[in-house]
Every structure is written in C-alpha cells, then in structure tokens.
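Trainee: have a look; sequence and predicted model below, questions after that.
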Amino acid sequence: MTIHLLLGLVLILFVFAAVRALAPSRALLAGTVLGIGALALLAVNYQALLSPEFWAGLIGFVAILSALMVVIHPNPMVSILFLIVNLFCIALFYLILRAEFLAVLQIIIYAGAIMVLFVFVVMLLNLKAEEGLRLGGGPQRWGALLLAVVFVLLMFHALHDRSDQPYVEPGAFESGFGSARALGGLLFSRYLVAFEAASLLLIAGMVGAVVVAKRKVG
Amino acid sequence: MDPDIARVLVESAVKIALFFFILLTVVAYMTLVERRVSAWIQDRQGPNRVGPLGLLQPLADGIKFLFKEEVTPPHVYRPVYLLAPMLIFVPALVTFSVIPIGPALELFGQRVRLQIADVDNGVLVILAFASMGVYGIALAGWSSSNKYSLMGALRSSAQLISYELAMGLSIVGVLMAAGSLRLNDIVQHQIEHGWNLIWQLPGFLIFLTAAFAETNRLPFDLPEAETELVAGYHTEYSGMRFSMFYMAEYANMVTASALAVTLYCGGYHVPGLHLLRLPEPAAALVQVLAFGLKVGFFLFLYVWVRWTLPRFRYDQLMNLGWKVLLPVAVLHILWVSFLVLMNWT
Amino acid sequence: MRVEFFLLIGALLFTIGCAGVLIRRNAIVILMCIELMLNAVNLTFVAFALENQSMTGHIFVFFVMTVAAAEAAIGLAIVIALFRRRRTTDVEDASLMRW
C-alpha cells in the first residue's frame, strides 16, 4: 500500500516537474485549456476528427497564420521559424493531394536545405530584431494593400466561377500517382532536357554564390 | 466508429507507445553503458553503486536532472531558447518510426508489421527528419546570445550539412541495388541477395563515418569541444533542458545504428534461420532479438571509437567531408551502377 | 475534398507573400516572402495535377524547387556581400545603382 502511495507521489512530482520544466505558467494554462477543449471535442464528435475536411481546414488555418507571422514579425529568426511551419503545412497538403514524393522532397529541400541556409545567414550576420517594423514608403505600403485586396477579390471571383466543377474523388485514379517511380519516369523520358538543364542551373547557382559571397583576399 | 479505422488507431497507438518506451529505455541505459564501457577501456570501475551493477544509475540521473534548478540566463531570446531542446529531441525520436525491427507476423488474427509506419518513401523520410536536427542545434546556439554557443552552433550546422551530403550519396547505392525507397523492400532484397555490407563496403564505411559526424560523436564532436568552446551550443542550458540535448544525442545514436543495420546488415535477417523450421512467432522473436543485437554492436562501436580516437581539427573535418567522402561516395555510386548493370546484386 | 479549397489557400498565401515583398525592407525577409509565393504556386500546381489526373504539375513543382534552391543560394550570397559593404540588410540602403 505504502509503496503505491509513494510511487503515485513520485509520479505526480515527475509530471509537475516536467510541466514546470517545459512551459511557463501562462502557456501552461493555455495548453491545458486547449487540451481539455480538444478532449471535449473528441468526446462530442469524434467523427469530425476523422474527416479530411477537418484536418485540411486546421492545416490551412495554421498555414495562413504562419505566413502572416513571417511577414509581420520584426525578428528575422522568428520569421524563419514560422516559414518552416508554413512549409510543413504545405507538405501536409501535398500528402492530402496524393503527392507523397513531393511532400517528402518539400521537407528535404525546403525545410532541410534552403531554410537551413537562411538560419545560417541570420546567425552569421548576427541579426537582431528590428526596432519597430521597418516598412517601405507610404505609396508602396498602400499600393501593397490595394494589390492584395484586388488580388484576393479576383481569386474569389475566379474560384466562384468554377464552382460547378466536379469534386475530386479520392482513389479514382491509377495507383502510381505521385510516387517517386512515376515522377522519375517522367523526368528521365519526356523532360530529360529540362532535367539536365536544371543540373546546370544548380552548378551555376553554386559557383555564383561562392563568387559573390567570398571575401576579397589581398 | 468504423471498426477498421478503430483497429488501425489502436494498433498504431500500441506500437507507438511500445517503440517510445523501448527507445527511451535504451537511451537511458546507453548513458550507463557508455560510462561502464569507458571505465572498462580505461581500466576503472565506473558507476556501480546505485542498484546491482549500477543498473539503477540512469533512474537516479533522471530524477536528479528533473529536480535540478532550471537557470534561464537573462540575456537569452526566451521563446526560441525554450523551443530548441524540443526541436532537437523530436526528430531524433520520430526517425525511428519508419524502421522495421522485425518481420510481419500473425497476432490476434491480424497481420501486424513490427514497424510504426510502412512508408513508400521511407529512406527519404529518414533523410528529411535527419536534416531537421540542424535546427535544434542552430537555434540553441543562436538564442543563447553567447559567443561560445554561437560558434559551436555555426560549426555544428556546417558539419551536419556537409556530412548529410556524403550520407545521402552513400545511401543512393543501397536504393539502386534494391530498386525501392521502402525500408521493408530493402531488407527483403538483402534477405534474397545477401547483405549490402558485402557488395557495398565503401558505401557502408562512408555511411558509418557520416553517421558519427551526424550524431556529433567523437571523433567529430567539435560542436561541443569543451576545451575550446566550454560546451558549445548547450553552454547556457541546465536541468531537464540540458538533459534533453543528451537524450537526443543518444536517441540519434540508436536511430543511426538501427539505420546502419537496416540498410547494410540485413535488418532483422538471420542467415539460415529458415533451416530450423521454427514456428512463426518464435522465428519473429529470434529475428527481433537479432536486430537488437546488431544495433547493440553498433552502439558499442560508438563508445569504443569515442575512447580510441582523438578529436579532429575543424579544417581536417571539412577536408574529410568534402574532399574525401564526397568523391568516394560518387565513385561508389558508379561501382554500384556497374553491379546493377551486370546484374550481380 | 474540393480542389477549390487548396486553390484558395494558395491564393491567400501568394497574396501574403506578395504583400510581404512590397512592404518589408529587410532583404532576408523579402527572400523568405518570395519562397512563400513560390510555395503558394506549387500548391496550386499540385492541386490542379490531382484534378486533371496528370503528373505534369508535379514536374513543374520539382523544377520550381530546383530554381528556388538556386535563387535562395544566390540571394543570400548577395545579402552577405551587401552586409560586408554596408553593415545592413536593408534594401533601401543598397541604392548606389538606383536612379
């Protein structure tokens, strides 16, 4: 009996210490509320949690939010982190859209290589957060806002027009769709010239980057 | 709920819990094994007081780390500082989920794979999550606002990126021989045609070297070179957060060893096992144990090398990565293409 | 699952990235916003590839990723060169060639 009591006490202390170690108090409160909310949702309507629409909506929300944070956060390093979150969201979208190979490529190339380069440069230059957000001049700012509004309206219009298009039936196409084998087959047959040209582009990019960034000696 | 979905959910949950438990236990006991083996190599005793043979030492260490005071220096960038240990710990664990530790077997009337996720692009998933490990180190160094941390993090990210290339190229040979990115197919190919270790020895050696560098172990532990950089990127961390860096290092070692076994040493394959005609569950058990034994050998190798070789200098490290391993890896791909062309593998 | 949903997300991400390029002055953030726009376009490509049951869209995405990698490398090299000369990453300060 006592040994159970003791073990229980140790367990409670363990959990408490882990939580204290990982989260400051306000985040802890928010996390607990969110967790209880999620559990309640699960209890009330677990069917919704299994539908792809729910997950796509959630991922889309996170994607938009993280993209906004990339633009408005004054600290470049935090912008980079939010961009990585955004890239992961898009990789998840690729998975939903049956592009498995591209989803993995997205993580390897974008999150694993390109964003590491960004992190590396911010560390190398030791950039700190901007005091207040340095923004472009007045006309540019209002022009950007106007363009954004016009573009979103245009897109809504275009999407509204094609709303009589059919739904996508999952599983209504051949099984090799989006696999590495199918993509490789296309790359090495119909798009071979473009593929080789891309390798030239990468070489040129590599040499160019070294030449531009290298310190002048003597 | 649809019984099919429910079954998949329950099966995955059980597997994840089991793998998580096994991995964390192995990680905890690796700390003890490392200290005992290093003591044995140096003709000392090592920790032998807590429990029989010191077997409770990891538990004591864990409790100590949990109850230590967490010191957060005032000059750190707090959100990223708190995030970094998790960013380094999570990829180290997630990578293990695509590695098959045994063959599929009948269990409770279901066909169960001893693997959390049987992914089509398994090898690429591993490379993807391995490349995520850089962020934890880079962000830990950057957010600490400490020149030693920053230096360690810069060194480490450059090292990880450099050796990722050699690692990826050495794996290409395995993919070409098996003709698939799925880890189960690679293991199956080795069962049918002999272990990759035999035909692809150069690739295996490159992979092993790169794996040592990727896990920041000696002789490549420059990021934390304590004699020059205090402790590198985790100088400013204490308590449980500090121990997360250590657990991540050991988890990475376990994953890298499991990967080396799966890609080059036949995975869970035991040569000649089918001759014994064991019943299926017993055969599966033997194969899982064989997998564990092979992983154990590589883990021992990690410790052995650590107490045998001295640390590289930074320029030596870069030269080895870019001027030796990378060209040799490309030549190795040529060699494997030759093998595939002649239908020898 | 409707393809329009992904097109909409792609459009919104593209707009956010575009606005970011126009209003931010930090060269690194501008490069990141360009990546955001490229990704939005990629998402649209993949969505249309699914709708048309054709993998040509995936090929496009593959090449966009290649170009993005080269672009990021060159762009960041230029940022480093700029920082060496001017001690800043603000694009307003790189005005020597401007009329």
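Mentor: Sure, I can see it.
Trainee: show me the shaky parts of the chain.
Mentor: In the absence of a named chain, this looks at chain A. Filtered on pLDDT under 70, chain A yields the residue ranges A:1-33, A:35, A:38-50, A:129-138, A:161-175, A:216-218.
Trainee: the chain in question should be chain C.
Mentor: For chain C, the stretches flagged by pLDDT under 70 are C:1, C:98-99.
Trainee: please redo it, this time with the cut-off set to 90
Mentor: C:1-9, C:11-12, C:14-16, C:18-27, C:47-57, C:78-99 (pLDDT under 90).
Trainee: now do the contacts for the closest residue to chain A within it.
Mentor: Closest approach of chain C to chain A (CB to the nearest CB) occurs at residue C:70, with a separation of 3.2 Å. (Each C-beta comes from the backbone N, C-alpha and C, glycine too.) Residue C:70 makes contact with A:201, A:202, A:204, A:205, A:206, according to CB atoms under 8 Å, 6 or more residues apart in numbering or on different chains.
Trainee: secondary structure element for it, which one?
Mentor: Per DSSP states H and E, residue C:70 falls inside helix C:56-86.
Trainee: check residue B:104 too.
Mentor: strand B:102-107.
Trainee: kindly export that strand (C-alpha atoms) in PDB.
Mentor: Extracted C-alpha coordinates of strand B:102-107, given in PDB (Å, rounded to 0.1, in the frame of the first residue of the first chain):
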ATOM      1  CA  GLY B 102      11.100  -7.500 -37.300                       C
ATOM      2  CA  PRO B 103       9.100  -9.300 -39.900                       C
ATOM      3  CA  ALA B 104       5.300  -9.100 -40.200                       C
ATOM      4  CA  LEU B 105       3.600 -11.700 -38.100                       C
ATOM      5  CA  GLU B 106       0.100 -13.100 -37.300                       C
ATOM      6  CA  LEU B 107      -1.100 -11.600 -33.900                       C
END
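Trainee: now do that strand: which elements does it pack against?
Mentor: For strand B:102-107, the packing partners by 3 or more CB pairs under 8 Å, 6 or more residues apart in numbering or on different chains; DSSP states H and E come out as strand B:110-114, helix B:280-306.
Trainee: what about 10 Å?
Mentor: Contact analysis of strand B:102-107 by 3 or more CB pairs under 10 Å, 6 or more residues apart in numbering or on different chains; DSSP states H and E lists strand B:110-114, helix B:183-193, helix B:280-306 as its packing neighbours.
Trainee: now render these as TSV, adding mean pLDDT, distance to chain A and mean neighbour count.
Mentor: Putting those into TSV (pLDDT from 0 to 100; distance: least, CB to the nearest CB, whole Å; neighbours: other CB atoms under 10 Å in any protein chain shown) gives the following:
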stretch	mean pLDDT	distance to chain A	mean neighbour count
strand B:110-114	75	18	14
helix B:183-193	86	12	19
helix B:280-306	88	24	17
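Trainee: how far off centre is the strand holding residue B:104?
Mentor: Computed by CA atoms, centre = their mean, to the nearest Å, the chain-centroid distance of strand B:102-107 equals 24 Å.
Trainee: give me the contact list for it.
Mentor: B:11, B:110-115, B:118, B:184, B:187-188, B:191, B:267-269, B:280-281, B:283-292 (CB atoms under 10 Å, 6 or more residues apart in numbering or on different chains).
Trainee: closest point of chain B to chain A, which residue?
Mentor: residue B:131 (3.1 Å).
Trainee: does that residue really touch residue B:137, like I thought?
Mentor: No: counting by CB atoms under 10 Å, residue B:131 does not reach residue B:137; the two are 11.9 Å apart.
Trainee: neighbour count for these two, which is higher?
Mentor: Between residue B:131 and residue B:137, counted using other CB atoms under 10 Å in any protein chain shown, the more crowded position is residue B:137 (29 against 24).
Trainee: got a list of what the more buried one touches?
Mentor: Neighbouring residues of residue B:137 by CB under 10 Å, 6+ apart: B:84, B:87-88, B:149, B:152-157, B:159-160, B:216, B:223-224, B:232-234, B:245, B:248.
Trainee: circling back to that earlier point, buried residues, the helix holding residue C:70. List them.
Mentor: C:57-66, C:68-83 (16 or more other CB atoms under 10 Å in any protein chain shown).
Trainee: which residues are common contacts for residue B:131 and residue B:137?
Mentor: residue B:160.
Trainee: need phi/psi at residue B:44.
Mentor: Reported as degrees, to the nearest 10, the phi and psi values for residue B:44 are phi -120, psi -170.
Trainee: still on that earlier bit, among the contacts of residue C:70, which ones are buried?
Mentor: A:201, A:205.
Trainee: can I get the contacts of residue C:70 in TSV with distance to residue B:175 and secondary structure?
Mentor: Output for the contacts of residue C:70, formatted as TSV (distance: CB to CB, whole Å; DSSP: H, G, I helix; E, B strand; the rest coil):
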residue	distance to residue B:175	secondary structure
A:201	24	helix
A:202	20	helix
A:204	27	helix
A:205	25	helix
A:206	24	helix
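Trainee: neighbours of residue C:2, how many?
Mentor: Residue C:2 has 17 neighbouring residues, counting by other CB under 10 Å.
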